[in-house]
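A structural model of the following input is requested.
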Amino acid sequence: MPTATAAIPLPRTMSAMAFVRHGEGERPAPRLLPVPEPGPGQLLVRLDAAGVGRWDLLERDGAFARRLGEPTRFPLVTGSEGAGTVVATGPGAGGVAVGERVYGLLARRTPTPGCHAEYAVLDRRLAWPVPPWMSMDQAAVLPVDGAVALRGVRDALRARAGDALVVFGASGGVGHLALQLARAMGLRTFAVASGADGLRLAERLGADEAVDGRRPGFERAIAGFAGPGTLALLTAGGDDAARTVAAMPPRSRIAWPHGVEVPALARDDVQAGPYATGFDPALMAALHAFAAGGRLLPHVSRRFPLAQLQRAFDAVASHHLGRVAVLAT
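Prediction:
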């Protein structure tokens, strides 16, 4: 059986933040766990940072386990994305050297702890070099929301240069990256952000027009921007998302990621529906091309030490801009 190759001595154990049962009120606690070993096509990474997103809260609550119909192996370490230094490579994980800084997605093909730990195993096909101008926490939060944003703008909406795009939730994780991708693709953008601070972020990211979605009447501004055939990406749900849809002109194309709860649409003159992301290597390669070209830079508004993962969870569940990260070192 081929084994992993490592050029530096590795510890047998690592610090991790783990859950011992599912539940919304459960809190992570520090645990000493074995350092995972990379399998075929995998990288063992000593993490500098990891992203924290709403999907981590769902995993904590047991939603993923129920959806997959598979029992959870406890202790559960959450965290689907991270960035750090490669310390060992599994068989067939070529093209990456020990000591290289990478960011990417957790290898889910084998049971392994998540990225809310000192070490994690990343899928080589979904891992890329960290651009030199990007901090490790920025790189750590890019994979999930970046892929969701790119799939929505490029594939679900089939956006082309010159199109007009409304981004609802433009100051959030997916939304602020969608704004940057749209700008890089030559689209005109209208940002519906959350709060005055979100409005400032959307304007700083280059939105052609931006409004505070918390203020009444924001949908009138959308109607003034949008013409027939305008695109809309809904990165958050609820009544305000429904008002955004109502303001869109005929022949608009509207999309939202699976998991976003959008009220039933009471109109048949627009194309609208959810989309699945699917974190395939081709999508992640395209996302990395935007990042490596300097056209995509995640905004990390809150950072916490790994030991304060619960505070990061609380931040994700409340109003925040862009993304939240934990720092492992």
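
this structure: strands as residue ranges?
Assigned by DSSP state E, the chain shows strands spanning 13-18, 29-34, 42-52, 81-89, 101-106, 119-129, 164-168, 188-193, 209-212, 231-234, 253-257, 271-275, 300-305, 323-327.

which strands and helices sit next to the last one?
In this case it means strand 323-327. Counting contacts by 3 or more Cβ pairs under 8 Å, 6 or more residues apart in numbering; DSSP states H and E, strand 323-327 is packed against strand 42-52, helix 136-140, strand 300-305, helix 309-316. Any C-beta I mention is one placed from the backbone N, CA and C, and that applies to glycine too.

same thing with the third one?
In this structure, strand 42-52 makes packing contacts with strand 81-89, strand 101-106, strand 119-129, helix 136-140, helix 142-150, helix 309-316, strand 323-327, judged by 3+ Cβ pairs under 8 Å, 6+ apart.

mind listing what it pairs with, with the direction of each?
Strand pairing for strand 42-52, using DSSP bridges, gives strand 81-89 (antiparallel), strand 119-129 (antiparallel), strand 323-327 (antiparallel).

any weak-confidence spans in the stretch 101-250 of the chain?
In the predicted model, the stretch 101-250 of the chain carries pLDDT under 70 at residues 109-110.

I'd like to know how far the nearest residue to A196 once chain neighbours are set aside sits from G162.
Closest residue to A196 apart from its sequence neighbours, by Cβ to Cβ, 6 or more residues apart in numbering: D212 at 6.2 Å. Distance, D212 to G162, by Cβ to Cβ, to the nearest Å: 27 Å.

hang on, the earlier thing: neighbours of the residue nearest to A196, how many?
19 (other Cβ atoms under 10 Å).

and if you look at L287?
Residues within reach of L287, counting by other Cβ under 10 Å, total 25.

all helices for the stretch 151-300 of the chain, in order.
Taking DSSP state H, counting those that start in this stretch to define them, one finds helices in the stretch 151-300 of the chain at 173-184, 195-204, 218-225, 239-247, 281-292.
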